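1. no sequence for this one, just the structure:
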């Protein structure tokens, strides 16, 4: 596994989202999802103050190829959205793990999360 492909300090979902362990937690989509979608042209993200539930649909990621639902990896309250990514969604393709983050959540519960190794095995499978 290359750490650059699936950073080991993050946790992942089977739906291709990632989350870090900070508080508030930062959420984004994986490089696998960004590559599968192709050129991302539009993001619909949850609003600040919205309550999100682990495993539920909280937005959409639209590319030149398709529209994909965005799932929350955790339960909690959205504290911030990445306005820079909304303004320039291509940053999600070019830098999904840093500048291309999507939203931040004050976490009250986590969903089913995978380690980097488990996520890599999932996408390789």
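-> Cool, the structure landed. Because the structure is a prediction, the values reported are computed rather than measured. Residues are numbered from 1 along each chain as shown.

2. CA only for contacts and neighbour counts going forward, please
-> OK.

3. can you pull up the bridge partners for the closest residue to residue 51 other than its chain neighbours?
-> Once flanking residues are discounted, residue 51 sits nearest to residue 77: 4.6 Å by CA to CA, 6 or more residues apart in numbering. Beta-bridge partners for residue 77, by DSSP bridges, are residue 51, residue 106.

4. Might one say that residue 77 is in contact with residue 52?
-> Yes. Under the criterion of CA atoms under 8 Å, residue 77 makes contact with residue 52 at 6.1 Å.

5. what about those two, which has more around it?
-> With neighbours defined as other CA atoms under 10 Å, residue 77 and residue 52 compare such that residue 52 has more, 23 against 20.

6. Work out for me the element the residue nearest to residue 67 when sequence neighbours are not counted sits within.
-> Nearest in space to residue 67, with sequence neighbours left out and distances taken as CA to CA, 6+ apart, is residue 61 at 5.8 Å. Element membership for residue 61 (DSSP states H and E) is strand 57-63.

7. Which positions in the helix ranked longest in the chain come out as buried?
-> As assigned by DSSP state H, the longest helix anywhere in the chain is helix 116-124. Residues of helix 116-124 classed as buried: 116, 119-120 (neighbour count, 16 or more other CA atoms under 10 Å).

8. Need these in CSV (columns: pLDDT and distance to residue 105).
-> Below are those laid out as CSV (pLDDT from 0 to 100; distance: CA to CA, whole Å):
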residue, pLDDT, distance to residue 105
116, 96, 20
119, 97, 21
120, 95, 24
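
9. would a markdown table of the residues you listed with distance to residue 18 be doable?
-> Shown next, in a markdown table, are those (distance: CA to CA, whole Å):
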| residue | distance to residue 18 |
| --- | --- |
| 116 | 9 |
| 119 | 10 |
| 120 | 12 |
